[in-house]
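1. sequence first, then the predicted structure, then my questions.
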Amino acid sequence: MQTLHLTGVETIGPMTDNGQNYIAHATVTVKPTECPRCKRTELYQFGDRAIRVVDLPIHGKQVLINLDHRGIVTGK
């Protein structure tokens, strides 16, 4: 079941409740076509990165999204 309705993001497993927060684990499924900073299109992927996104509360509990994505660098 897709609990997050975000384009290019896929949920990994169910959302969990630890009493104070709801926690969702997700991964980015869309590959970037250009660098968001310099707009270059020569991209090289390296390593996995994880960021934590805080979303709007549900039922008075904070929603945390652990988002896995690939790091990118541009060509020379």
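-> Now that the structure is in, tell me what you want to look at.
2. so residue 9 makes contact with residue 24?
-> No - taking Cβ atoms under 8 Å as the definition, residue 9 is not a contact partner of residue 24, at 9.7 Å. Any C-beta I mention is one placed from the backbone N, CA and C, and that applies to glycine too.
3. looking at the two, which one has more neighbours?
-> Each of residue 9 and residue 24 has its neighbours counted (other Cβ atoms under 10 Å); residue 24 has more, 21 against 18.
4. in what helix or strand does that one lie?
-> For residue 24, the enclosing helix or strand under DSSP states H and E is strand 21-28.
5. continuing past that strand, what's the next helix or strand?
-> Sequence-wise, the next helix or strand downstream of strand 21-28 (DSSP H and E) is strand 43-58.
6. which helices and strands sit right next to that following strand?
-> When contacts are defined as 3 or more Cβ pairs under 8 Å, 6 or more residues apart in numbering; DSSP states H and E, strand 43-58 packs onto strand 61-74.
7. the strand it packs on pairs with which strands, parallel or anti?
-> With DSSP bridges as the test, strand 61-74 is paired with strand 21-28 (parallel), strand 43-58 (antiparallel).
8. most packed of those?
-> strand 21-28 (a mean of 18; mean count of other Cβ atoms under 10 Å).
9. got the contact list for that one?
-> Under the criterion Cβ atoms under 8 Å, 6 or more residues apart in numbering, residues 3-4, 6, 8-13, 15-17, 58, 61-70 lie in contact with strand 21-28.
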